[in-house]
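Novice: kindly return the folded structure for what I paste below:
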Amino acid sequence: MRNATVTLALALTFILAKSPAADDPAGSAAVSFRKDIAPILVKKCVTCHGPEKSKGAYRLDTFELLLRSGESKSPAILPGKPEESQLYQRVTAKDEDDRMPQKDDPLPSEQIAQIERWIKAGASFDGPDPKAALVLLIPRAPHPDPPVVYRHPVPILALAFSPDGQEVAAGGYNEVTIWGVADGKLQRRIKNVAQRTQSLAYNPDGTLLAVAGGIPGQLGEVALFDPRSGSRIKTLGTMLDTALTVSFGPDGARLAAGGADNAIRIYDVASGKEAVLIQQHADWVMSLAWNHDGTLLASASRDRTARIYNTETGELETTYAGHQGPVYAVAFSVDGKLAYSAGREKKIHFWETKDGKKSGELEAAEEEIYRLAVSGGSIFSCSADRQIRQYSAEKKELTRTCSGHRDCVYALTVHEGTNRLATGSYDGEVRVWNTQDGQLLAAFFAAPGYRPPDANASAGSRE
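Specialist: Predicted coordinates:
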């Protein structure tokens with residue numbers, strides 16, 4: 001058996017070549033790194049020992065990194081000797097200051113036993129690439145079913161109108177719910193969805209619904225569903241952290257996605273393959289928007305910048321650095337000559353897409369702005385001050401304010417053909433408005449089975 005001075009290369013060779021059954025035919029062979037060990041590490045360890053944070057100078061977000069020592073210089077994994085492996089010592093420590101995970105419950109005894117058996121059997125690796133992120137190695141199982149009846153509504157972080165404007169999709173808990181716009185009645189529930197949905201988008205003909213979300217710090221996912229049957233068509237991508245935004249190109253052939261791993265990916269929808277990877281931002285990518293002909297893609301990021309890229313090559317075309325805080329939303333003007341961006345500053349900036357030169361700004365809100373949309377000659381925004389504002393894109397002035405939400409408004413979507421605007425708030429309520437006069441058309445909680453305490457507070461959740 002190797003000692004503590006074995007090099008990483010030799011350790012990898014040993015671990016990849018060693019058969020678990022050779023040491024312990026009585027059961028250790030049943031422990032799979034991909035199926036049994038990696039899920040434990042991703043759920044309980046990667047947040048503090050991953051690319052964003054590496055406590056004790058130790059990372060374990062890939063198998064290769066898992067084998068390296070941290071500040072202690074002691075081997076994290078010593079094949080065949082769990083009692084001499086730092087990983088095992090940490091998860092079994094009695095002192096709460098030493099035990100991992102810290103500030104959390106100890107690992108269940110069965111998980112500790114699996115780690116012990118895996119190390120004792122040789123700590124073998126059964127994945128395709130030891131350099132791959134652990135989250136990408138884990139076999140994907142169906143997501144849990146959503147609650148049959150919601151005891152409490154969940155925050156509405158994502159909304160999207162169907163192309164005909166007759167339905168609106170809303171993010172739920174491990175599901176997407178589809179509601180009738182005219183009456184606020186529940187139409188369908190789409191299951192096998194990641195825990196939190198952050199962004200939704202229909203393709204132009206309504207045959208596909210893109211869903212971006214995940215579990216913060218553990219999993220990001222971009223998937224395509226049939227919005228009529230609810231069947232999952234394909235998973236386009238899995239990331240290290242939550243996917244936060246998706247947007248179909250104008251012709252529906254490509255889909256752009258961004259998230260908490262700071263990257264932007266453009267997928268070919270037909271093949272499901274990643275066509276372009278853009279890694280320009282230094283922080284989360286919060287919003288994406290295509291221009292009218294699909295040649296340019298705009299992004300907004302917490303790194304205080306908004307950027308524009310060539311969608312064929314991914315090359316950076318323009319950077320707008322005029323914001324003094326995180327940028328949460330971005331949109332193109334109808335002709336694509338201007339871009340609008342907003343975020344923590346409470347203002348909407350508008351700037352030239354060709355050179356990133358600022359053209360002006362709108363004093364838009366009393367709190368930070370979360371979403372922007374451009375439709376029918378208007379710019380729409382929603383914000384933490386519970387208000388929805390509509391501006392004239394031509395005059396750059398406020399047209400009207402829609403009030404009534406009782407919590408921060410996180411989601412916004414517009415359907416130009418029916419002159420409808422849908423907004424969703426943190427307390428789970430969805431409101432539908434007429435964009436021509438600002439009148440409220442419907443209000444309901446997008447939480448199947450939920451009955452609000454005050455029946456007069458909203459049109460209610462209907463089934």
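Novice: shaky segments in the chain?
Specialist: For the chain, the stretches flagged by pLDDT under 70 are 1-29, 455-463.
Novice: ranges for the helices of it?
Specialist: For the chain, helices defined by DSSP state H occupy the ranges 8-17, 20-23, 38-44, 63-66, 86-92, 109-120, 134-137.
Novice: which strands and helices lie in contact with the longest one?
Specialist: Right, the one you point to is helix 109-120. Secondary-structure packing of helix 109-120 (3 or more CB pairs under 8 Å, 6 or more residues apart in numbering; DSSP states H and E): helix 38-44, helix 86-92. (Each C-beta comes from the backbone N, C-alpha and C, glycine too.)
Novice: before we move on, what about the third one?
Specialist: Judged by 3+ CB pairs under 8 Å, 6+ apart, helix 38-44 is in contact with helix 109-120, helix 134-137.
Novice: mind listing what's buried in it?
Specialist: Of the residues in helix 38-44, 38-44 count as buried by neighbour count, 16 or more other CB atoms under 10 Å.
Novice: now swap in the fourth one and tell me
Specialist: Of the residues in helix 63-66, those with enough neighbours to count as buried (16+ other CB under 10 Å) are 63-66.
Novice: then that helix to PDB, C-alphas only?
Specialist: Extracted in PDB, the C-alpha atoms of helix 63-66 (Å, rounded to 0.1, in the frame of the first residue of the first chain):
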ATOM      1  CA  PHE A  63     -11.500  13.400  -8.400                       C
ATOM      2  CA  GLU A  64      -8.000  14.600  -9.200                       C
ATOM      3  CA  LEU A  65      -8.300  17.500  -6.700                       C
ATOM      4  CA  LEU A  66      -9.900  15.200  -4.100                       C
END
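Novice: returning to that earlier point: need the buried residues of helix 38-44 in a markdown table (columns: distance to residue 422).
Specialist: A markdown table is the format used below for these (distance: CB to CB, whole Å):
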| residue | distance to residue 422 |
| --- | --- |
| 38 | 39 |
| 39 | 37 |
| 40 | 40 |
| 41 | 40 |
| 42 | 35 |
| 43 | 34 |
| 44 | 38 |
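Novice: quick check: the farthest pair among the residues you listed?
Specialist: The span of the buried residues of helix 38-44, defined through CB to CB, is set by 38 and 44 at 11.2 Å.
Novice: measure the residue nearest in space to the middle of the chain to residue 197 for me?
Specialist: Compute the mean C-alpha point of the chain, and by CA atoms, centre = their mean the closest residue is residue 243, 2.2 Å away. Counting by CB to CB, to the nearest Å, the separation of residue 243 from residue 197 is 10 Å.
Novice: now list whatever residues contact both of these two.
Specialist: Residues touching both residue 243 and residue 197 comprise 212-213, with contact defined as CB atoms under 8 Å, 6 or more residues apart in numbering.
Novice: could you dump stretch 46-60 to CSV, C-alpha only?
Specialist: Only the C-alpha atoms of stretch 46-60 are listed here, as CSV (Å, rounded to 0.1, in the frame of the first residue of the first chain):
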residue,chain,number,x,y,z
VAL,A,46,-18.1,21.2,-2.5
THR,A,47,-19.6,24.4,-1.3
CYS,A,48,-16.7,25.0,1.1
HIS,A,49,-14.1,23.1,-0.9
GLY,A,50,-14.8,24.0,-4.5
PRO,A,51,-13.8,26.6,-7.1
GLU,A,52,-15.5,29.5,-5.4
LYS,A,53,-14.2,28.7,-1.9
SER,A,54,-11.5,26.4,-0.8
LYS,A,55,-11.2,26.2,3.0
GLY,A,56,-7.9,24.9,4.2
ALA,A,57,-6.5,25.3,0.7
TYR,A,58,-8.3,22.1,-0.2
ARG,A,59,-10.7,21.4,-3.1
LEU,A,60,-12.6,18.2,-3.9
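Novice: just how off-centre is it within its chain?
Specialist: Distance, stretch centre to chain centre, for stretch 46-60: 20 Å (CA atoms, centre = their mean, to the nearest Å).
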